[in-house]
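# need a 3D model of the following:
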Amino acid sequence: MMSPRTRLSDVAKEAGVSITTVARVLSGSGRNIRVSQERAAAIRAIAERLNYQPNINARALAGQSTRILGVLIDSEAPVTVFRALRWIEREANERGYRLMIGEGHNNLENLRDSYQMFCQHGVDGVIIMAHEYGDANADLSAYFRPDARTIFIGRPKLKDASYVLLDREAGIREAVRTLWERGRRRIGLVTDSAGFSSVRQRLNAYRETAAEYELEELIYRIPSSADAVQIRRQAVKLVDDFVLPARLDGLIAHNDSYAIALLSELHLAGLEVPRQLSLVGNDNDDICECLAPTLSSIDESSEIVARQAVRMLLDSIKDAERDYIARQVNVKTKLMVRNSI
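The predicted model follows:
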C-alpha cells in the first residue's frame, strides 16, 4: 500500500504552528507574517522530513506560482534542439523550477493543444521551440499570443513576440573566412533543401561572404535525413556529383552526421582531409573530438540560447503586472577549429 500523502495540517501539527503559517513559509509568500528565520527553517525541515509535496493544482487555482515551465518542442527536431532542452532543464532547475514538455511534429494543432494543456495546469510560463512549419507560420496568431509568459526560441512570424534568436550567419561567415585564410578558393556549402529560416540564414551568409572574397558560389542542396543509411548514400552522391566535378578544396556540411559520412567517402575517393580538402561540420557534436582527423564544426551555442531563454522568461514573468514589452536577445554561432581544416 502507498503511504498516505502528507498534508499541510500534518506539518503544522508537528511544527506547532497554524496551517496558514506553514502555507506561507513553504510558498515563499510569508514575508509579512511574524515568524523568525529559525522557525521558518524548522518548518521547512519538518516538511522535508515528512516528505511533504505541495498540491500543484491547488496552488494554480489559488493563483500562486506552480514553479513549472512549459516547453513546446518538435519531436523530430535536430539533436541541437534536444541539447538546448537539456540546458533549459538545468537552468530552470537551478532557479527552482521543473519542466512540463509538449511535443508535436509538423502540426501546429498538436502544439496548440499542448499549449492549452500548459495553461490548464497553471504553468508559470512557456518556452516555444517548435513554431516554424512552412506556410502555417502566417497563422501563428491563431495559436499563440505574445505576452510576458511566452518566449520563443527563434524569431517567430508573430508581431511583438519575445524571442532568443540564434544567429547562424555568424558561424558560416567565420567558416568561409577561416577556409579562405588557409588558402581555400573553391569552398562549397551543403545545406537542406527545405525552406526553413535556419537554411536561409546559412545560404545568405555563405553567398555574402563568398562575394566578399570573390569566390564562386558552390551550393549543393539535399533533403535532410536522420537515417544513417540514407546519409551514407547521400554522402556517396555528394562526392560523385559535387565534390569531384566542382574540384572543391573546402566544404561546409549540413551537419556533423553528413560531415562524418563525408570523411569516409572522401577517403575512399582518394581525397585526403585536410591536405587536399578542408571539411567543416555543423552542430559541434561531442563525437567531433573522437574522429581522425578531429572535425571542425560550427557550434550552435545551445547552452547560451537555453539559459538566455529561461532567464528572459523569468525576468518577464516578474514584470508581468507592468505593460508588456517585447524582448529580444541575439546569440551568435561560432566555428570550433580542429584538425579537419
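# determine the next helix or strand in the C-terminal direction from the lowest-mean-pLDDT helix or strand in the chain.
Least confident helix or strand of the chain, by mean pLDDT, DSSP states H and E, is helix 56-61 with a mean of 50. Moving toward the C-terminus from helix 56-61, the next helix or strand (DSSP states H and E) is strand 68-74.
# what's the next helix or strand after that next one packed up against?
Counting by DSSP H and E, the next helix or strand C-terminal to strand 68-74 is helix 79-94. With contacts taken as 3 or more CB pairs under 8 Å, 6 or more residues apart in numbering; DSSP states H and E, helix 79-94 sits against strand 68-74, strand 98-104, helix 302-318. Where C-beta positions appear, they are placed from N, C-alpha and C, glycine not excepted.
# quick one: contacts of helix 79-94?
Applying CB atoms under 8 Å, 6 or more residues apart in numbering, the external contacts of helix 79-94 come out as 69, 71, 73-74, 98-99, 101, 127, 129, 153, 283, 285, 300, 302-303, 305-307, 309-311.
# 7 Å instead?
69, 71, 73-74, 98-99, 127, 129, 153, 283, 285, 300, 302-303, 305-307, 309-310 (CB atoms under 7 Å, 6 or more residues apart in numbering).
# mean confidence score for that helix?
The pLDDT scores in helix 79-94 average 94.
# how about stretch 264-272?
Computed over stretch 264-272, the average pLDDT equals 95.
# still on that earlier bit, can you flag the buried ones in the contacts of helix 79-94?
Neighbour-count burial (16 or more other CB atoms under 10 Å) applied to the contacts of helix 79-94 gives 69, 71, 73-74, 99, 127, 129, 153, 283, 285, 300, 302-303, 305-307, 309-310.
# that older thread, just tell me which of the helices and strands packed on helix 79-94 ends up closest to residue 276.
helix 302-318 (32.1 Å; CB to CB).
# can you list the buried residues in the helix or strand following the closest one?
Downstream of helix 302-318, the first helix or strand assigned by DSSP H and E is strand 328-332. Across strand 328-332, burial judged by 16+ other CB under 10 Å covers 329, 331-332.
# so how far is strand 328-332 off the chain centroid?
13 Å (CA atoms, centre = their mean, to the nearest Å).
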